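Student: when you get a sec, could you give me coordinates for this:
(one chain, ligands or ions: 1)
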Amino acid sequence: MSTPQPESALSEPLEAGLYIVATPIGNLGDITVRAVDVLRRCEVIACEDTRVTGKLLKHLGIQTRMQRYDDHASDRQRAAILDRARSEPVALVSDAGTPLISDPGYRLVREARGAGIAVTSIPGPCAAIAGLTLAGLPNDRFLFAGFLPVKEKARGDMLAELGGADATLIFYETGPRLVRSLRAIAGVWPDREVAVARELTKLHEECRTGEAEALAQWYEANPPKGEIVLLVGPPGDIASTEDPDDLLREALDEMGASKAAGKVAKATGLDRQALYARAVELKSQ
Ligand code: SAM
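Tutor: Residues are numbered from 1 along each chain as shown. Prediction:
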């Protein structure tokens, strides 16, 4: 473990490089002392939207110059930021939370590292982690999957791909799409525990848990406002109560190995390919 930075280190000159700075996801009190210090002392702050970051800086009494940056920035704009970071401290923030997490910054960091420019992370709020700590779902293993695709086919494909993961799944979601996503989850994992964590760190923060269909009905009747993290518990319990071999044998009485594997995968959340291999074995016994 590295030694915590002493307070006095905060007043030493900031070294050149790229500083990835997390900012609040709602409650302006959620910014670290170190983040404030870096934002105050860097030469320029690269940000998604100067109006959004401008409000935060005003609240903090910081006057550092801002420069717009997002992942649509041209190669020239990115090269200009990297050039500065070679000789000056440059901060990267997003509109809220941790840069790069469903936010711009990946290419900038990758290219900075490739060019030998120092990159420092100033960690802080992240909605995915805040949602995970609130949901009461198993957290020994979790898989952050960003936003679910809008198109039905792509959404179904993504859920099928994630179905075998023995982990709590974390998605970012928006109010208008929540019910549709919950129904898609109910279609593949009707029994898994789901959590909807909304407006985290804000006045109307809430976290509602239950099965996907029950939550879909609730949010259909109570359209959700604000920002949402959607979490789906791992398949564990169902798989442990029923022996997958028994389920496969039962399915194989009525269908081929591939369909049987698909049916059991859907019911248990277990990996379809592994089930298929097992179904083929069982058939040949
Ligand atoms: N980089 C950010 C982070 O570290 O959390 C996430 C940026 S992503 C563009 C925005 C999404 O994050 C929102 O659509 C929502 O799903 C989630 N989010 C951000 N703030 C949130 C909050 N206060 N409560 C719940 N979800 C939030």
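Student: tally of neighbours for residue 33?
Tutor: Residue 33 is flanked by 10 other residues according to other CB atoms under 10 Å. To be clear about C-beta, it is placed using only N, CA and C from the backbone, and glycine gets the same treatment.
Student: swap that for residue 127, please
Tutor: Number of residues near residue 127 (other CB under 10 Å) recorded here: 22.
Student: against residue 149, how distant is it?
Tutor: 19 Å (CB to CB, to the nearest Å).
Student: residue 51 too?
Tutor: Counting by CB to CB - residue 51 and residue 149 are separated by 29 Å.
Student: of the two, who's got more company?
Tutor: Neighbour count, other CB under 10 Å: between residue 51 and residue 149, residue 149 has more, with 15 against 10.
Student: need the contact list for the more buried one.
Tutor: Residue 149 is in contact with 155, 157-158, counting by CB atoms under 8 Å, 6 or more residues apart in numbering.
Student: ditto for residue 212
Tutor: Going by CB under 8 Å, 6+ apart, residue 212 touches 182-183, 185-186, 189-190, 192, 194, 232.
Student: rerun at 10 Å
Tutor: By CB atoms under 10 Å, 6 or more residues apart in numbering, the contact list for residue 212 reads 181-194, 196, 230, 232.
Student: just the buried subset of the residues you listed, please.
Tutor: By neighbour count, with 16 or more other CB atoms under 10 Å, those hold 181-182, 184-186, 188-189, 192-194, 196, 230, 232 as buried.
Student: of those residues, which belong to helices?
Tutor: Counting by DSSP state H, the members of these that fall within helices are 181-182, 184-186, 188.
Student: next, the closest residue to residue 19 other than its chain neighbours: secondary structure please.
Tutor: Using CB to CB, 6 or more residues apart in numbering and skipping residues adjacent in sequence, the residue nearest residue 19 is residue 91, 4.5 Å away. Following DSSP: H, G, I helix; E, B strand; the rest coil, residue 91 is assigned to strand.
Student: these two touch, right, residue 91 and residue 56?
Tutor: No. Using CB atoms under 10 Å, residue 91 makes no contact with residue 56, being 11.8 Å away.
Student: now for those two: what residues contact both?
Tutor: Joint contacts of residue 91 and residue 56 (CB under 10 Å, 6+ apart) are 39, 45, 47.
Student: can you lay out the residues you listed as JSON lines showing neighbour count, distance to residue 170 and secondary structure?
Tutor: Shown next, in JSON lines, are these (neighbours: other CB atoms under 10 Å; distance: CB to CB, whole Å; DSSP: H, G, I helix; E, B strand; the rest coil):
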{"residue": "39", "neighbour count": "22", "distance to residue 170": "27", "secondary structure": "helix"}
{"residue": "45", "neighbour count": "25", "distance to residue 170": "28", "secondary structure": "strand"}
{"residue": "47", "neighbour count": "26", "distance to residue 170": "25", "secondary structure": "strand"}
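Student: so which of those also contact the ligand?
Tutor: Checked against the ligand using CB under 6 Å from any ligand atom, these give no members in range.
Student: for the residues you listed, which one is nearest the ligand?
Tutor: residue 47 (12.5 Å; CB to the nearest ligand atom).
Student: so what's the closest one bridging to?
Tutor: Beta bridges link residue 47 to residue 68, judged by DSSP bridges.
Student: verify the stated contact: it with residue 54.
Tutor: Yes. Here residue 47 reaches residue 54: they are 8.5 Å apart, a contact under CB under 10 Å.
Student: now do the buried residues in stretch 36-53.
Tutor: Counting neighbours by 16+ other CB under 10 Å, one finds that the buried residues in stretch 36-53 are 36-48, 53.
Student: do the same with stretch 99-107
Tutor: 99-105.
Student: now those residues in JSON lines, with secondary structure, pLDDT and distance to residue 118?
Tutor: Putting those into JSON lines (DSSP: H, G, I helix; E, B strand; the rest coil; pLDDT from 0 to 100; distance: CB to CB, whole Å) gives the following:
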{"residue": "99", "secondary structure": "coil", "pLDDT": "98", "distance to residue 118": "16"}
{"residue": "100", "secondary structure": "coil", "pLDDT": "97", "distance to residue 118": "17"}
{"residue": "101", "secondary structure": "coil", "pLDDT": "98", "distance to residue 118": "21"}
{"residue": "102", "secondary structure": "coil", "pLDDT": "97", "distance to residue 118": "25"}
{"residue": "103", "secondary structure": "coil", "pLDDT": "97", "distance to residue 118": "21"}
{"residue": "104", "secondary structure": "coil", "pLDDT": "96", "distance to residue 118": "20"}
{"residue": "105", "secondary structure": "coil", "pLDDT": "96", "distance to residue 118": "15"}
